[in-house]
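K.L.:
3D, please:
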Amino acid sequence: MTLTRFVLENVLARATRLRTLVLGDLMLDEYVWGTTERISPEAPVQVVDVSDVELRLGGAGNVAGNLHALGCQVTLAGVIGDDADGEALRKLLRLHAIGTDLIQASPQRATSRKTRVLASNQQMLRIDHESRQELAAADEAALLRKLLPALERADILLLSDYRKGVLTPSLVSSLIAEARQRGVPVVVDPKGSDYRRYRQATLLTPNRKELQQATGSHWQDLNGLSQAAEKLRSQLELQALLVTRSEEGMSLFRPQQPPLHLPAQARDVFDVSGAGDTVLALAALGVATGLDLEDAAALANLAATIVVGKVGTSTVSPQELLDAVGHLHRDTHLKIQSREGLHRILEAERHRSRRIVFTNGCFDLLHAGHVKYLQKARALGDLLVLGLNDDASVRRLKGPKRPLIGQQERAELLAALNCVDYVVLFAEDTPLSLIEAVHPDVLVKGGDYDRETIVGHDLVESYGGRVELIQFVDGQSTTLLIEKILQTYLDEEPRG
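P.N.:
Residues are numbered from 1 along each chain as shown. Prediction:
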């Protein structure tokens, strides 16, 4: 299976029925925004003039936030301090419609708060207030008692370990064993140098530095990484190990299969804080909705490309994922659809209120005029469907010597354009039946047409759609291009 838009749509549809249980270190992420234009007279440090202060969910809370943003049913568990920051965290969770029934307050602990000072979107300083000691035995026992009934109802368990003391070795081992008995997958974002507590989990998602710390090895290439990762995966009896490698992407390790190295897709990286939370959430979502491990890793990689383009701990939305997977799909066969396949796709697009643009043509000998026309058409809506005349209909329209390029090759060339979302072939002399099937919001034709002569204009306007005319670039046409080629080669003098 490949992570296509269709596959992703199925995952997002299943997400609304998914019952997720998240346990881990809860924290407040505080962002102090400001500007800096001067040096303090008291010490050689910059002065930040504060313009805003913002609280966000951090740690396991951010994992839960990512799942909730994708429509999952989320139960969040953890231990916080009996303090003002703890109450602020509960309030923030309630604002995100995430339940707090399984969150305990302990007088012996302080609620973790990470304060980041940013000027011009650049982090200048971080201040941490937190407890790092392991849970007291009484707190651990009370938490486990609450978790077991929740685990009975869960489809997947996520453990978000920041090494702040909540995920003790005995608690983690007990939960993994209980989850295995119930057939519940366990996905873990690990920390520390001793990973024995995570034995027999379904999937671990360490980053490169964390893997080096856990294995005590420092490799220089992918071969060294693969050896260390596979050894750890085997020792811990994991179904898989997904290693995030920052700007280099991710690597997936499974039994009896070669490593899968996924390249990073991010174009702009503003902030990697919280990216591990998103990877954990999306990898778990993929596993719980039935994706194979390769596609679950690809989904996590896709989400990471989005979240690192934002400042601070953030979540990803369904639409952001759908848009991103659309940009990644440069394989032309994924965009060339049958009429039936296109119908299923467009139904889902309409449910998201996406504006559908339709145009059609032969597009024989693709040239810059075609490309500019299609770019302008795409700008009129959210996606562009292109109806392409098959070879037989082109011959009826253009004569027996056309097309110069066959229908499959023409479709491949057009599908390779970023401005074209889907290509569908049609055999009729007019695209009317295809227009009826697509039901576009915008029908586009070239400026050399008269509106009243455009096939389908009355149909589209009858249900509130509109017709748009786009002028072709002067001096650029297939006919002129053919004439130029013929003239060039006919005029060429024979070589001796």
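
K.L.:
show me the domain layout of this protein.
P.N.:
Taking automatic domain parsing as the domain assignment, the ranges for the chain are 5-328, 333-486.

K.L.:
as TSV, the ones you listed with mean neighbour count and mean pLDDT would be great.
P.N.:
All C-beta atoms are positioned from the backbone trio N, CA, C, and that covers glycine. Putting the domains of the chain into TSV (neighbours: other C-beta atoms under 10 Å; pLDDT from 0 to 100) gives the following:
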stretch	mean neighbour count	mean pLDDT
domain 5-328	19	91
domain 333-486	17	89
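
K.L.:
isn't residue 166 up against residue 132?
P.N.:
No. Using C-beta atoms under 8 Å, residue 166 is not in contact with residue 132; the gap is 10.3 Å.

K.L.:
and after the longest helix along the chain, which helix or strand comes next?
P.N.:
Taking DSSP state H as the criterion, the chain has its longest helix at helix 137-153. Heading C-terminal from helix 137-153, the first helix or strand you meet, by DSSP states H and E, is strand 156-160.

K.L.:
how about that next one as PDB, C-alpha atoms only?
P.N.:
The C-alpha atoms that make up strand 156-160 are tabulated as PDB, following Å, rounded to 0.1, in the frame of the first residue of the first chain:
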ATOM      1  CA  ILE A 156      -4.400   2.000  21.200                       C
ATOM      2  CA  LEU A 157      -2.100   3.100  24.000                       C
ATOM      3  CA  LEU A 158       0.400   5.900  23.600                       C
ATOM      4  CA  LEU A 159       3.200   6.500  26.100                       C
ATOM      5  CA  SER A 160       4.800   9.900  26.000                       C
END
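
K.L.:
note down every partner strand of that strand and its orientation.
P.N.:
Under the criterion DSSP bridges, strand 156-160 sits next to strand 19-24 (parallel), strand 186-189 (parallel) in its sheet.

K.L.:
now do the strands in the stretch 301-450 of the chain.
P.N.:
Applying DSSP state E, counting those that start in this stretch to the stretch 301-450 of the chain gives strands spanning 356-361, 383-389, 422-426, 442-446.

K.L.:
of all these, which one is nearest residue 295?
P.N.:
If you check each of the strands of the stretch 301-450 of the chain against residue 295 by C-beta to C-beta, strand 422-426 wins as the nearest, at 21.5 Å.

K.L.:
chain center to stretch 406-419: distance?
P.N.:
With C-alpha atoms, centre = their mean, to the nearest Å as the basis, stretch 406-419 stands 26 Å off its chain's centre.

K.L.:
what's next to it, contact-wise?
P.N.:
Applying C-beta atoms under 8 Å, 6 or more residues apart in numbering, the external contacts of stretch 406-419 come out as 327, 330, 332-333, 335-336, 362-364, 366, 371, 374-375, 377-378, 384, 386, 388-391, 394, 403, 405, 420, 423, 425.

K.L.:
state the distance from the residue nearest to residue 162 when sequence neighbours are not counted to residue 178.
P.N.:
Leaving aside its chain neighbours, residue 162 sits nearest to residue 25 (3.9 Å; criterion: C-beta to C-beta, 6 or more residues apart in numbering). With distances taken as C-beta to C-beta, to the nearest Å, residue 25 is found 20 Å from residue 178.

K.L.:
then residue 45?
P.N.:
According to C-beta to C-beta, residue 45 and residue 178 sit 51 Å apart.

K.L.:
do residue 283 as well
P.N.:
Between residue 283 and residue 178 the distance is 21 Å, computed by C-beta to C-beta.

K.L.:
over to residue 160?
P.N.:
If you go by C-beta to C-beta, the gap between residue 160 and residue 178 works out to 18 Å.

K.L.:
and for residue 259?
P.N.:
With the distance defined as C-beta to C-beta, residue 259 ends up 31 Å from residue 178.

K.L.:
go on, residue 463?
P.N.:
Here the distance between residue 463 and residue 178 works out to 55 Å (C-beta to C-beta).

K.L.:
pretty sure residue 260 is touching residue 243, no?
P.N.:
No. Here residue 260 does not reach residue 243: they are 10.7 Å apart, not a contact under C-beta under 8 Å.
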